[in-house]
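Chemist: Quick one: sequence and predicted model below, then my questions.
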Amino acid sequence: MKVEWRTEPGSRAVLEIEVAEEEVAQAMDQAYTALVRRVRIPGFRPGKAPRPILERHVGTETLRDEALRRLIPRQYAEALAQAGLNPVDTPTIEVKEGPGGKGLRLTATVDVYPEVTLPDYRALRVPRESREVTEEDVDRALGDLRSRHGRLVSLPPGEPARRGDFVMIRVTASPPGLERLQPGRELLVEVGGGLLPPELEETLEGVRAGEERTATLRDPEGSVTVRVEDVRRKELPSLDDAFARAVSDQPTVAALREQLRARLAQERASEEARAFRNRVIDAVLSHTAVDVPESMVEHQVEHMVEELRERLRGRGLTLESYLAAAGKDESALRAEMKPEAERRVRVRLVLDAVAAREALTVSEQEMAAEVENLASELHQDVAKVQAWLAEEGRREALRRSLLRQKALTFLVDVVSGSPPAAGAAEAPAADPATRTPG
């Protein structure tokens, strides 16, 4: 077998494979042996019909198709090994006669794992950004807590509604297509809350109980008329020690403030660490050369669509209802997802390359610990999770995910100027790409 290959943009490889006449003849013999045992031919016992009889019975093309079905995968696999290529997708293969009508010439086109040219990431530096928790931050947290425990009370007759108040409205007229605002519906909505068409939101500011308001909509065209049955304002509980005891395990407001301060500091530290990891990844990506195959991006888009479908199913919704509410179709959704999908693929490729360059590994102890974590998250027995991971290469996908997390932690340590920990112990993933298959 003779093989020539070339690469094209998009990490695509084209292999020209010449198959000798002898190999084609051998494949035809194997096809005859297989078919003659399966095909029932009157007058012959299974496996005993001569080849010319079989060919007349099933047709020469059937025999040739069977031979190619056996020959092509074998020749393609040998050609990949000879060229040292790592495919990421199913190839398209064109079959032609060989030179002089002898043998075959196969042209296989396939996306391959791209080369990743990493920068000198040890020389990169990304500044950390940090912000202390202020008294104003604690005040806002206390205000949110009081708001969550507030109660709505009706305003005195004649007092107008302002932004943040709630109005009980009854729809008296609306155009078709506004399912939520059909005539007769009663709704309690926040003025300025953004849940109603903006034109209607605007007309509700300053409204009083008993008034009727009409708003002319742009999309869909038409008018909505509502009658305001009641105007309510949130009454906040007193900020005293009794409130602190009612909403927490703290005895005083001062103690509650310190508890909120500690929680805010922890949340902010997590957010800043996540943001820093993402800035590190962006810095490395901006200095990395990689020609991402389109098939890898499309595969990631498919995975993201399925992720969305599962999230919606958990909320009792379907992808179709979600798209209808958003006014788009699935092709538009996929187009919107494509930039993020490409980024995720690039992140995975970079992290794989870093892991290879730094010879990072995942030990069996680390795998066992992650299996236990998964079992705890899924509320399943460890044995059941292990059995699930044993299917369809899931265990290897988990190993790759952990290896990418190690590579990410290594990069963060290096770019921040901190010495990498021994073995680059894993940290929370900064990007969904580190946890997606592929």
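Modeler: It's in.

Chemist: quick one: secondary structure of E4?
Modeler: Secondary structure state of E4, per DSSP: H, G, I helix; E, B strand; the rest coil, is strand.

Chemist: For it, which residues are in contact?
Modeler: Listed by C-beta atoms under 8 Å, 6 or more residues apart in numbering, the contact set of E4 reads 15-16. Yep, even glycine has a C-beta here, placed from its N, CA and C like the rest.

Chemist: Show me the beta-bridge partners of it.
Modeler: Going by DSSP bridges, E4 is paired in beta bridges with E16.

Chemist: any idea how far it is from T90?
Modeler: Distance of E4 to T90, given as C-beta to C-beta, to the nearest Å: 21 Å.

Chemist: got it, and V385?
Modeler: 31 Å.

Chemist: Neighbour count: these two, which is higher?
Modeler: With neighbours defined as other C-beta atoms under 10 Å, V385 and T90 compare such that V385 has more, 21 against 9.

Chemist: how about the more buried one, phi and psi?
Modeler: For V385, the backbone dihedrals are phi -70, psi -40 (criterion: degrees, to the nearest 10).

Chemist: How confident was the prediction at the nearest residue to it once chain neighbours are set aside?
Modeler: Residue nearest to V385 in three dimensions, not counting chain neighbours: A375, with 4.5 Å by C-beta to C-beta, 6 or more residues apart in numbering. In this model, A375 is scored at 90, pLDDT.

Chemist: Surely A375 is in contact with L389?
Modeler: No - A375 lies out of contact with L389 (C-beta atoms under 8 Å); the separation is 10.3 Å.

Chemist: Quickly list what's touching both of the two.
Modeler: Overlap of the contact sets of A375 and L389 (by C-beta under 8 Å, 6+ apart) is empty.

Chemist: that older thread, the residue nearest to V385: neighbouring residues, count only.
Modeler: Residues near A375, counting by other C-beta under 10 Å: 17.

Chemist: Next: E370.
Modeler: E370: 19 surrounding residues under other C-beta under 10 Å.

Chemist: tell me which element it is part of?
Modeler: helix 364-378 (DSSP states H and E).

Chemist: what helices or strands is that helix leaning on?
Modeler: helix 382-389, helix 394-415 (3 or more C-beta pairs under 8 Å, 6 or more residues apart in numbering; DSSP states H and E).

Chemist: could you dump these to TSV with distance to E66 and mean pLDDT?
Modeler: Shown next, in TSV, are the helices and strands packed on helix 364-378 (distance: least, C-beta to C-beta, whole Å; pLDDT from 0 to 100):
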stretch	distance to E66	mean pLDDT
helix 382-389	38	89
helix 394-415	34	93
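
Chemist: Could you identify which of those is most buried?
Modeler: helix 394-415 (a mean of 21; mean count of other C-beta atoms under 10 Å).

Chemist: could you list every residue that touches the residue nearest to V371 when sequence neighbours are not counted?
Modeler: Spatial nearest neighbour of V371, excluding adjacent residues (C-beta to C-beta, 6+ apart): V385 at 5.6 Å. Going by C-beta under 8 Å, 6+ apart, V385 touches 371, 374-375, 378.

Chemist: Turn those into JSON lines, including distance to H299.
Modeler: Listed next are the contacts of V385 as JSON lines, based on distance: C-beta to C-beta, whole Å:
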{"residue": "V371", "distance to H299": "26"}
{"residue": "L374", "distance to H299": "23"}
{"residue": "A375", "distance to H299": "28"}
{"residue": "L378", "distance to H299": "25"}
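
Chemist: which of these are buried?
Modeler: Buried subset of the contacts of V385 (neighbour count, 16 or more other C-beta atoms under 10 Å): 371, 374-375.

Chemist: Now do the helix holding E370: distance to the chain's middle.
Modeler: Taking C-alpha atoms, centre = their mean, to the nearest Å, one finds the center of helix 364-378 at 22 Å from the center of the full chain.

Chemist: Stretch 281-292 too?
Modeler: The chain centroid and the centroid of stretch 281-292 are separated by 20 Å, computed with C-alpha atoms, centre = their mean.

Chemist: mean confidence score for it?
Modeler: pLDDT averaged over stretch 281-292 gives 94.

Chemist: what sits up against it?
Modeler: Here stretch 281-292 makes contact (C-beta under 8 Å, 6+ apart) with 9-11, 114-119, 121, 124, 126, 342-343, 345-347, 349-350, 408, 411, 415, 430-431.

Chemist: Which helix in the protein has the most residues?
Modeler: Looking across the chain with DSSP state H, the single longest helix is helix 253-286.

Chemist: Tell me the buried residues in that one?
Modeler: Within helix 253-286, the residues scored as buried using 16+ other C-beta under 10 Å are 253, 256-257, 259-261, 264, 276-277, 279-281, 283-284.

Chemist: Strands of this structure, residue ranges please.
Modeler: Ranges of strands within the chain are 2-8, 12-19, 92-97, 104-111, 116-117, 151-154, 166-173, 186-190, 212-217, 222-235, 289-290, based on DSSP state E.

Chemist: Including distance to R40, could these go into TSV?
Modeler: Converted to TSV, those look like this (distance: least, C-beta to C-beta, whole Å):
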stretch	distance to R40
strand 2-8	40
strand 12-19	31
strand 92-97	29
strand 104-111	30
strand 116-117	55
strand 151-154	81
strand 166-173	73
strand 186-190	72
strand 212-217	72
strand 222-235	71
strand 289-290	55
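
Chemist: looking at those, which is closest to R140?
Modeler: Closest approach to R140 among those (C-beta to C-beta): strand 222-235, 15.9 Å.

Chemist: Would you mark the buried spots in the closest one?
Modeler: 224-228, 231-234.

Chemist: pretty sure L217 contacts E199?
Modeler: Yes - applying C-beta under 8 Å, one finds L217 in contact with E199, separated by 5.3 Å.

Chemist: count of neighbours near the residue lying closest to P251 once chain neighbours are set aside?
Modeler: Nearest residue to P251, sequence neighbours excluded (C-beta to C-beta, 6+ apart): R245, at 6.2 Å. Other residues near R245 come to 15 when the count uses other C-beta under 10 Å.

Chemist: Need the pLDDT of R245.
Modeler: R245 is assigned a pLDDT of 96 by the prediction.

Chemist: how near is it to L188?
Modeler: Counting by C-beta to C-beta, the gap from R245 to L188 is 30 Å.
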